[in-house]
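No sequence on hand, only this structure:
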């Protein structure tokens, strides 16, 4: 068992701009949200070729979440009718490291700015990384999920 975890340093490569200060209601409205990801201008040429993809994966820091004790067990979607589950079995934003990951539609690239649709990040969220979405690589064909996810 490891008692001391290695330290890490992350550097933001960009920032989300969409004017959203709070999550939209209903949550499904995130799918329609259009955002700009403004990449550090020193990294502009790292974007070359990204416009050839219809979708990209965006990793971002959920910077507005309360940084306190994170319960190790939580109820899925905060629903009191669902059983307590370990947070690593959930997609809850309440995590030891508030890293968000979303696959979004890439609408346009202009220099160091990517315009995307479906990014569930608030305005000002630091972007950690961007990767192209590869259908044969990023989809697990034989994936299964827990029964409590589909049963309400």
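Great, that's in hand. Predicted model only: the values in this text are computed from it and were never measured.

Mind giving me the packing neighbours of the worst-scoring helix or strand of the chain on mean pLDDT?
Lowest by mean pLDDT, DSSP states H and E among the helices and strands of the chain is helix 147-150, with a mean of 78. Counting contacts by 3 or more Cβ pairs under 8 Å, 6 or more residues apart in numbering; DSSP states H and E, helix 147-150 is packed against no other helix or strand. All C-beta spots, glycine's among them, are computed from the backbone N, C-alpha and C.

need the next SSE after the longest strand anywhere in the chain, C-terminal direction.
For the chain, the longest strand by residue count, based on DSSP state E, is strand 99-110. Next helix or strand after strand 99-110 toward the C-terminus (DSSP states H and E): strand 113-117.

Pull out the buried positions in that next one.
113-116 (16 or more other Cβ atoms under 10 Å).

Mind listing the strands the very next helix or strand once past that strand pairs with, and their directions?
Sequence-wise, the next helix or strand downstream of strand 113-117 (DSSP H and E) is strand 126-132. Counting by DSSP bridges, the strands paired with strand 126-132 are strand 14-17 (antiparallel), strand 55-61 (antiparallel).

In a markdown table, list these along with distance to residue 42, mean pLDDT and mean neighbour count.
A markdown table is the format used below for those (distance: least, Cβ to Cβ, whole Å; pLDDT from 0 to 100; neighbours: other Cβ atoms under 10 Å):
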| stretch | distance to residue 42 | mean pLDDT | mean neighbour count |
| --- | --- | --- | --- |
| strand 14-17 | 11 | 98 | 20 |
| strand 55-61 | 19 | 97 | 20 |
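
Same list, these, but as TSV with distance to residue 5 please.
Listed next are those as TSV, based on distance: least, Cβ to Cβ, whole Å:
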stretch	distance to residue 5
strand 14-17	27
strand 55-61	18
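
And those: which comes nearest residue 71?
strand 55-61 (20.3 Å; Cβ to Cβ).

now the least confident helix or strand of the chain, how far from the centre of its chain.
22 Å (Cα atoms, centre = their mean, to the nearest Å).

Contacts for that helix, please.
With Cβ atoms under 8 Å, 6 or more residues apart in numbering as the test, helix 147-150 has contacts from 76, 82-83, 85.

Could you export those to TSV, including columns for pLDDT?
Listed next are these as TSV, based on pLDDT from 0 to 100:
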residue	pLDDT
76	85
82	87
83	88
85	91
